[in-house]
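J.: please find the sequence and the predicted model below.
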Amino acid sequence: MAERIPETLHKKLSDRLGFYEDLGIRLFYRDRGAVVAPESERRLEPPATVHFSTPELQKEGTLPKLAGKPALQKIAPLVVPVSPKISSLPVVAGPSLFESMDRIADDTLLKIREDLGECTRCKLHRARHKIVFGDGSPKAELVFVGEGPGADEDAQGLPFVGRAGKLLTQMIEAMGLQRKDVYICNVVKCRPPENRQPEEDEVSTCSPFLFRQIDAIAPKVIVCLGAVAAKTLLQTNRGISQFRGEWLEFRGRKLLATYHPAYLLRNPAAKSEVWKDLQKVMAVLGLEVKKGKSE
Ligand code: SF4
């Protein structure tokens, strides 16, 4: 008779699979070469493995680059430990892994928002009032990525609507665009308490939704506002001052990191540096660069 999976393990597995499904990962395959420990040595997280993959892990040459060199160590395919009892379940025949990737390629912002739902995946949900998903054109050529919502954003459910947001709006208008022409979002969708920086586990839980947003919009240029956004997309621990204003890459798209508008409110002298960065973006987007506009 088939062995029953304990209820707690079943729930854990079900939650985990639900999370991957939200990320657009729906097909798994068992590594038949994986070494499975004898029954007596098996723990909850045994060495049996299930691999899954996403498009960016499959494409060659799409790793982020910094100053012409790989900025990071090569991203290893993710390996998810599962129970040996689960690994003994039959592998269900279905479409290939590559077909599931095509589905991710057809992603839409609406679908991503639906998948996010009333998210409680990380601890930031506890104090938030509204999820701040993102705002702007789903076909934007330019995407701005910030760190996380502040108090005003949390109250309104919209990104960059406080003081820093007003400054960002001015910067966008100085580029000859309007907010509705671009897309604005954050690494985490819920406000960190006391406006602290999002923690590593919060970033890693929420950022796959940001990656999907970027893939769905397929912008020409991504501008990271501040270190958290830059570090998340570039997977680097280097300080933003080391690569601010340089053209880098995120999944084959042009990426430029500059200072966060909140930093500019505290350090107005840095506005001219940011304007120089934005002028580079304007040149790539074919926008007219007006001389003398430095703030
Ligand atoms: S920050 Fe992201 S992962 Fe965390 S609860 Fe909010 S939406 Fe969910």
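T.: Received, thanks.
J.: how about low-confidence regions in the stretch 151-295 of the chain?
T.: 290-295 (pLDDT under 70).
J.: near the ligand, which residues of it are found?
T.: Contacts of the stretch 151-295 of the chain with the ligand, taken as Cβ under 6 Å from any ligand atom, map to 188, 189, 190, 202, 205, 206. Yep, even glycine has a C-beta here, placed from its N, CA and C like the rest.
J.: recalculate using a threshold of 5 Å.
T.: Contact residues, the stretch 151-295 of the chain versus the ligand (Cβ under 5 Å from any ligand atom): 188, 189, 190, 205, 206.
J.: ranking the residues you listed by neighbours, who comes first?
T.: When neighbours are taken as other Cβ atoms under 10 Å, the top entry among these is residue 189 (30 neighbours).
J.: the protein: helices as residue ranges?
T.: 7-22, 55-58, 84-87, 97-105, 109-116, 151-156, 163-174, 200-217, 227-234, 261-266, 271-285 (DSSP state H).
J.: so which of the ones you listed is the most surrounded?
T.: The highest average neighbour count among the helices of the chain, using mean count of other Cβ atoms under 10 Å, belongs to helix 227-234 at a mean of 24.
J.: tell me which other helices or strands it touches.
T.: Packing contacts for helix 227-234, counted by 3 or more Cβ pairs under 8 Å, 6 or more residues apart in numbering; DSSP states H and E, involve strand 142-146, helix 200-217, strand 221-225, strand 247-250, strand 253-258.
J.: same list (the ones you listed) but as JSON lines, adding distance to residue 283.
T.: Shown next, in JSON lines, are the helices and strands packed on helix 227-234 (distance: least, Cβ to Cβ, whole Å):
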{"stretch": "strand 142-146", "distance to residue 283": "12"}
{"stretch": "helix 200-217", "distance to residue 283": "21"}
{"stretch": "strand 221-225", "distance to residue 283": "10"}
{"stretch": "strand 247-250", "distance to residue 283": "11"}
{"stretch": "strand 253-258", "distance to residue 283": "11"}
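J.: what residues does stretch 128-139 touch?
T.: Stretch 128-139 is contacted by residues 108-109, 113, 116, 118-119, 143, 149, 153-159, 179-186, 189-191, 213, 216-217 when judged by Cβ atoms under 8 Å, 6 or more residues apart in numbering.
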